[in-house]
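Participant: My questions are about this predicted structure, shown below with the sequence.
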Amino acid sequence: MFCREQVAQLRDAQHEIRERGAELVIVGNGAPHFARAFREDFALDGPLLVDPELRAYRSAGLRRGRVEIFSPRVAWNGLRAIRSGARQQAVQGDPWQLGGVFVIRPDGKLTFAHRSREAGDHAPVADVLAALAPDAPPVEETVAAPRAQVWLGRALGALVDPFIVNSFDRTGFRIHALRFDPNDLDVDLGGRRCLVTGANSGIGFETARALADLGAEVVLLCRNRERGEEAVARIRAETGNARVSLEVLDVSKLADVRAVGARLAASRVDVLVHNAGVLPDARTETDDGLETTFATHVVGPFLMTKLLRKRLEESPDGRVIWVSSGGMYTRALNLTDPNWKKRAYDGVVAYAETKRAQVVLSELWARELAGTSVVVNAMHPGWADTPAVASSLPLFHRITKAILRTPAEGADTVVWLAASPKARETGRFWFDREARRTHFVPFTRNSEREARDLWKLCEKRARSGGKTPDARRRKVAR
Amino acid sequence: MPIAKQLSSMELCDADGAACRLGAFWGERPVVLVFVRQFG
């Protein structure tokens, strides 16, 4: 009834809205067939969108909850709506969600914002029309998550976190997101240069797009030139940021890492995101004699960090982020056979072991760079629906598809670690913007000596790898 | 983050199921963006 009253008021003002050069765009949270009936009821001829997952509602900071719906003012608002001719229909959407109205100019400035405090709390149409005046001043945009929502997010998070499925999946993200501070990413990254490996799809793409959207110069480091160029074009078009470029790089090839690293080090580097990942079915070996997963997740990123270290230290706010995986909880660091020469190959185990190694390396780099401006952190994105998961783990993807996070949800903590002023701790392991433990079971723990041995192994491999491929071939021939 | 930025790259479906990027609506002209409680 209330939403019908608000829409009727704005539809009646549509002529005046269009006279001011603006368009009325309506978003509802029910299914598309509800929207079609709604469009017919109101004879709407403008855009009518559906957001059944409430993503836009949450991003706009709109309230949701029983307290708001059953506020004492609601009865009064109901009488007013009935007097105006609105009638209650069957609920067609989320009954606990409240609405709101925003006026957004082409430059992205907001000149009007009304978030309903209870059902029937509508935006005055006269105020909406006034906000369409060319000289209407922008409104303050700071939005704080309601305290009750943050509390609820923490309480529900504590309940679901022990159960991996309900924490790593999209429900887990939505529960954890209740406690996110919407102002954390209210930042301008203009002047900062961010590098993202594996950025042509999935979490890497979403990370690159979000950083570009925040104004950073972003370099996508991708294996495939064509797909990389497509990603660059898409990010430029969607963000309006022209400072997005591509470097073709296979991070498993240490010669490539050296060449590209030298080029990238020619100018400033503020953020380095180690996101590129592989999960091969069978053991393959790089030109440097490394098992491909070990080279891609561990040695290549280690070498890249070394090559860019000086530039990162020159940044006033340097950040290195290792995109690990929740799979690392299942495995310990393996230094006896990291290249899978003595074991029957298992791609999933190789993946988990190298993701564990990333977490250890992240802690070691944090110590190495302590006292500089650079913070180093690892994170895991939960279970996200990315092309890599679909192609590498088809069965898992098929079974869990309905509950997987979106790639943007998977990338959220990467972006937060890369951009938020709050993310200045170092050497931690993060999930959904919160530092987490790195072990659930004792057998995955490693000693300090093993950690040091991993560093030495990476040093050794990075020192020899990719430098003299011809010499290496000669050695093999001998 | 400003709301327009947060919403800009978000894709929603229209009533006929076609995907629409929200930011495209205010790329060239102002919009009155209305979130209704529900469709009932």
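Facilitator: Nice, thanks for sending it over. Note that the structure is predicted; figures quoted are calculated from it, not measured.
Participant: neighbouring contacts of stretch A:225-240?
Facilitator: Applying CB atoms under 8 Å, 6 or more residues apart in numbering or on different chains, the contact partners of stretch A:225-240 are A:199-201, A:205, A:208-209, A:212-213, A:218, A:220, A:222, A:241-242, A:244-246, A:248, B:8-9, B:21, B:23. All C-beta spots, glycine's among them, are computed from the backbone N, C-alpha and C.
Participant: Whichever of those residues end up buried, select them in ChimeraX.
Facilitator: For the buried members of those, the matching ChimeraX selection, counting by 16 or more other CB atoms under 10 Å in any protein chain shown, is:
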select /A:199,200,201,205,208,209,212,213,218,220,222,241,244,246 /B:8,9,23
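Participant: Which ones among the contacts of stretch A:225-240 map onto strands?
Facilitator: A:V218, A:L220, A:C222, A:V244, A:S245, A:L246, A:V248, B:R21 (DSSP state E).
Participant: a markdown table please, covering those and showing distance to A:K342.
Facilitator: A markdown table is the format used below for those (distance: CB to CB, whole Å):
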| residue | distance to A:K342 |
| --- | --- |
| A:V218 | 41 |
| A:L220 | 37 |
| A:C222 | 33 |
| A:V244 | 44 |
| A:S245 | 42 |
| A:L246 | 39 |
| A:V248 | 34 |
| B:R21 | 51 |
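Participant: quick check, nearest of those to A:R4?
Facilitator: B:R21 (27.4 Å; CB to CB).
Participant: Near A:R227, how many other residues are there?
Facilitator: A:R227: 17 surrounding residues under other CB atoms under 10 Å in any protein chain shown.
Participant: Just to be sure, it is in a strand?
Facilitator: No - using DSSP: H, G, I helix; E, B strand; the rest coil, the assignment for A:R227 is helix, not a strand.
Participant: ok, A:H380 to A:A199 distance?
Facilitator: If you measure A:H380 against A:A199 using CB to CB, to the nearest Å, the figure is 18 Å.
Participant: Which strands or helices does the helix or strand of chain B with the lowest mean pLDDT pack on?
Facilitator: Of all the helices and strands that make up chain B, the one with the lowest confidence by mean pLDDT, DSSP states H and E is helix B:3-8; it has a mean of 85. Using 3 or more CB pairs under 8 Å, 6 or more residues apart in numbering or on different chains; DSSP states H and E as the contact criterion, the secondary-structure elements in contact with helix B:3-8 are helix A:55-59, strand A:100-104, strand A:110-115.
Participant: So which bits of chain B are right by chain A?
Facilitator: Taking CB under 8 Å from any CB of the partner chain, the part of chain B that reaches chain A is made up of B:1-10, B:12-17, B:20-23, B:25-40.
Participant: returning to what we had before: farthest-separated two in the ones in strands among the contacts of stretch A:225-240?
Facilitator: The span of these, defined through CB to CB, is set by A:V248 and B:R21 at 27.9 Å.
Participant: how deep is whatever residue of chain B ends up closest to chain A tucked in, by neighbour count?
Facilitator: Per CB to the nearest CB, the residue of chain B with the smallest distance to chain A is B:Q38, at 2.9 Å. Using other CB under 10 Å, B:Q38 has 24 neighbouring residues.
Participant: do A:F34 as well
Facilitator: By the other CB under 10 Å criterion, the neighbourhood of A:F34 contains 22 residues.
Participant: so what's it scoring on pLDDT?
Facilitator: Taken from the predicted model, the pLDDT recorded for A:F34 is 84.
Participant: do A:E141 as well
Facilitator: The pLDDT attached to A:E141 in the predicted structure is 72.
Participant: which residue packs closest to it, ignoring adjacent ones?
Facilitator: B:P2 (5.3 Å; CB to CB, 6 or more residues apart in numbering or on different chains).
Participant: The one you found: what's it in contact with?
Facilitator: A:G108, A:K109, A:L110, A:E141, A:D186.
Participant: Let's have the residues you listed in a markdown table, adding distance to A:R449 and neighbour count.
Facilitator: As requested, the contacts of B:P2 are arranged in a markdown table below (distance: CB to CB, whole Å; neighbours: other CB atoms under 10 Å in any protein chain shown):
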| residue | distance to A:R449 | neighbour count |
| --- | --- | --- |
| A:G108 | 53 | 17 |
| A:K109 | 57 | 17 |
| A:L110 | 56 | 18 |
| A:E141 | 51 | 19 |
| A:D186 | 44 | 18 |
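Participant: would you turn these into a markdown table with distance to A:A370?
Facilitator: Putting the contacts of B:P2 into a markdown table (distance: CB to CB, whole Å) gives the following:
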| residue | distance to A:A370 |
| --- | --- |
| A:G108 | 39 |
| A:K109 | 41 |
| A:L110 | 41 |
| A:E141 | 36 |
| A:D186 | 29 |
